[in-house]
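Novice: Build me a structure from this.
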Amino acid sequence: MNMKKLILLVLAGLNIAVCTAQKIDGPTMLRILNEKKASLLVYNNDSLSSYHKNGVHDLLELVQNEPARLKGAMVADKIIGKASASLIVLGGAKEVHTNTICTPAKEMLQKAGVKLSFTEEVPYIINRTKTGQCPLDSTLGNVTVPAECLPLIANFYKPASTVYFTKEITQESLVRIYKALNVDIPKNARVAVKISTGESQKTYHLRPDFIAPILAETKGRIVECNTAYGGNRSNTADHRRAIEQRGYVNVDIMDEEDTIHIPVKDAKWIKYDIVGSHLKNYDFMVNLAHFKGHQMGGFGGVLKNQSIGVASSSGKAYIHSAGVTQEVERLWGHVGNQDGFLESMAAAAQAVHDHFKKDGRNIVYINVMNNMSIDCDCNGHPATPMLKDMGILASTDPVALDRACLDLVFGHTNTEGDTAGPLIARIKQKHGTHTVEYAEQIGLGSQKYKIVDIDK
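Specialist: Model prediction:
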């Protein structure tokens with residue numbers, strides 16, 4: 001860079017501030033990038049800044065914390081994958097120069113109208129060990145909308161969520177794994193314990209004697225909502241009789257009196273979540289789910305338990321129909337949009353999570369992996385479980401928790417009398433894993449987790 005072009009060059013820490021008499025072009029940006037061994041350069045308002053972190057850390061921080069720095073900027077990056085491209089688009093940069101770009105990133109930038117120059121185009125960005133695709137771009141999968149990429153990128157850089165595990169399925173281990181979460185219930189808090197009370201004595205719902213100690217530990221009250229199908233829990237009077245027959249006491253049917261709408265962040269299909277009005281009476285929720293298959297969702301865990309499970313009858317219809325109808329009578333004529341249904345479940349689960357994550361409230365999650373039929377506890381005549389019990393898992397991250405349970409099922413080594421095959425087939429048939437994937441995509445939690453075995 002000659003003196004005519006360069007008026008002032010000041011190095012301050014990791015950043016370079018440059019004032020120029022004429023615009024810096026792409027080749028100059030790439031030359032400075034290489035000379036300073038930087039990973040990223042951003043030129044805006046006659047000021048040039050360099051960044052040195054690996055991956056897309058710096059771009060992510062700019063988008064989240066200094067969006068004005070990227071707005072209308074010229075950017076130089078040695079390698080641009082889909083993650084980098086999505087952040088550049090979200091930041092509003094107008095021009096990009098790079099040595100290497102992958103085809104999906106090029107297409108994303110061109111679609112956004114970003115001026116682009118590059119030396120080499122490749123099908124995908126390889127990882128540092130040159131053994132496969134860049135793990136971040138792999139995480140983005142087929143997502144091509146920059147705004148949908150952002151939460152996936154942010155989750156990628158978050159620490160892995162902790163999922164606690166015990167192979168023991170007892171009253172005592174249920175309380176022990178709850179305590180492992182180390183989440184204090186505020187004094188005088190009103191605690192909801194969300195379970196499914198089951199459609200009949202033949203279902204594999206969590207029995208009253210099994211959950212009694214955790215109810216005592218949390219001073220919680222069982223909460224339920226009426227169903228959206230025929231059966232013995234579709235109205236409050238029948239539901240109460242069924243609950244009593246199953247041996248549960250002190251159960252709050254939250255939509256007994258009315259419903260309320262709580263906001264959703266993701267309004268792709270549903271514009272709000274319709275829940276029982278009594279939800280507002282609680283300060284803390286223990287989402288205590290029986291992990292098993294589901295004839296419509298593929299599987300049921302904590303995400304299903306607080307989406308369909310916490311929704312009122314009309315809310316269930318709204319979720320199942322992916323926002324088409326709130327009328328139970330019309331529901332079954334609008335259940336053809338399977339991914340829309342799964343994504344609606346994720347959005348509704350996020351709404352409940354967010355409700356309990358503000359104003360001093362809180363929520364924790366537990367999955368009990370026993371009696372894992374391919375059918376839900378809403379089925380009065382479920383198939384006999386073919387997979388043996390695995391244990392109890394708990395987390396403060398519902399996405400990580402359901403993902404960990406799915407991984408146990410899909411990673412199971414089948415033996416005679418203990419096979420995950422039918423449950424895996426049911427999950428695949430209904431594209432069930434999409435609920436977890438979409439929940440991560442909208443920012444509810446992370447599929448990245450670490451297991452802490454409390455038995456050791």
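
Novice: out of everything not next to it in sequence, what's closest to Lys94?
Specialist: Nearest non-adjacent residue to Lys94, counting by C-beta to C-beta, 6 or more residues apart in numbering: Gly72, 5.3 Å away. (C-beta placed from N, C-alpha, C; glycine too.)

Novice: so that neighbour sits in a strand?
Specialist: No: counting by DSSP: H, G, I helix; E, B strand; the rest coil, Gly72 is not part of a strand but coil.

Novice: for the stretch 351-456 of the chain, what spans make up the strands?
Specialist: All strands of the stretch 351-456 of the chain, identified by DSSP state E, counting those that start in this stretch, fall at 362-369, 391-395, 449-453.

Novice: Have a look at this protein and report the helix or strand with the lowest mean pLDDT.
Specialist: One helix or strand of the chain scores below all others by mean pLDDT, DSSP states H and E: strand 6-12, with a mean of 37.

Novice: any idea how far Asn188 is from Lys280?
Specialist: As judged by C-beta to C-beta, to the nearest Å, Asn188 and Lys280 stand 16 Å apart.

Novice: Neighbour count for those two, which is higher?
Specialist: Per other C-beta atoms under 10 Å, whichever of Asn188 and Lys280 has more neighbours is Lys280, with 12 against 7.

Novice: residues contacting His278?
Specialist: 223, 252-257 (C-beta atoms under 8 Å, 6 or more residues apart in numbering).

Novice: Could you turn the buried ones of those residues into a PyMOL selection?
Specialist: A single PyMOL command is used to select the members of the contacts of His278 judged buried by 16 or more other C-beta atoms under 10 Å:
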select buried, resi 223+252+253+254+255+256
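
Novice: Keep only those of the contacts of His278 that are in strands.
Specialist: Per DSSP state E, strands hold the following members of the contacts of His278: 223, 252-253.

Novice: does Lys202 really touch Asp377, like I thought?
Specialist: No: proximity of Lys202 to Asp377 does not meet the contact threshold set by C-beta atoms under 8 Å, at 10.0 Å.

Novice: Quick check on the two: which one has the bigger neighbour count.
Specialist: Between Lys202 and Asp377, counting by other C-beta under 10 Å, Asp377 is the more crowded of the two (24 against 11).

Novice: okay, and for this structure, where does confidence drop off?
Specialist: Within the chain, the stretches with pLDDT under 70 are 1-23.

Novice: so what's Cys149 closest to, chain neighbours aside?
Specialist: Closest residue in space to Cys149, ignoring its immediate chain neighbours: Ser86 at 3.8 Å, by C-beta to C-beta, 6+ apart.

Novice: buried ones in whichever strand or helix holds that neighbour?
Specialist: Using DSSP states H and E, Ser86 falls within helix 82-91. Neighbour-count burial for helix 82-91 flags 82-91 (criterion: 16+ other C-beta under 10 Å).

Novice: One more: stretch 350-360?
Specialist: Neighbour count says stretch 350-360 has 350-356 buried, by 16+ other C-beta under 10 Å.

Novice: Now the strands of the stretch 351-456 of the chain in CSV, please, with extra columns for mean neighbour count and distance to Lys265.
Specialist: Converted to CSV, the strands of the stretch 351-456 of the chain look like this (neighbours: other C-beta atoms under 10 Å; distance: least, C-beta to C-beta, whole Å):
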stretch, mean neighbour count, distance to Lys265
strand 362-369, 25, 16
strand 391-395, 26, 20
strand 449-453, 14, 22
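
Novice: about what we covered before: would you confirm that the residue nearest to Cys149 contacts Met108?
Specialist: Yes: with contact defined as C-beta under 8 Å, Ser86 reaches Met108; the gap is 6.3 Å.

Novice: Please identify every residue contacting each of the two.
Specialist: With contacts taken as C-beta under 8 Å, 6+ apart, Ser86 and Met108 have Pro146 as neighbours in common.

Novice: how far off strand 362-369 does the lengthiest helix in the chain point, in degrees?
Specialist: Counting residues, the longest helix found in the chain (DSSP state H) is helix 338-355. Using axes from the mean of the first three to the mean of the last three C-alpha atoms, to 10 degrees, the direction of helix 338-355 lies 130 degrees away from that of strand 362-369.

Novice: by contact count, what packs against helix 338-355?
Specialist: Counting contacts by 3 or more C-beta pairs under 8 Å, 6 or more residues apart in numbering; DSSP states H and E, helix 338-355 is packed against strand 259-262, strand 273-276, helix 302-307, helix 313-320, helix 433-441.

Novice: 6 Å instead, please
Specialist: Packing contacts for helix 338-355, counted by 3 or more C-beta pairs under 6 Å, 6 or more residues apart in numbering; DSSP states H and E, involve helix 302-307, helix 313-320, helix 433-441.

Novice: Out of those, which is closest to Gly360?
Specialist: Closest approach to Gly360 among the helices and strands packed on helix 338-355 (C-beta to C-beta): helix 302-307, 19.0 Å.

Novice: Pull out the CA atoms of that closest one and give them to me as CSV.
Specialist: Extracted as CSV, the C-alpha positions of helix 302-307 are listed here (Å, rounded to 0.1, in the frame of the first residue of the first chain):
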residue,chain,number,x,y,z
VAL,A,302,-40.3,-33.5,27.1
LEU,A,303,-40.9,-31.4,24.0
LYS,A,304,-44.2,-33.2,23.2
ASN,A,305,-45.1,-33.2,26.9
GLN,A,306,-45.1,-29.4,27.1
SER,A,307,-46.4,-28.6,23.6
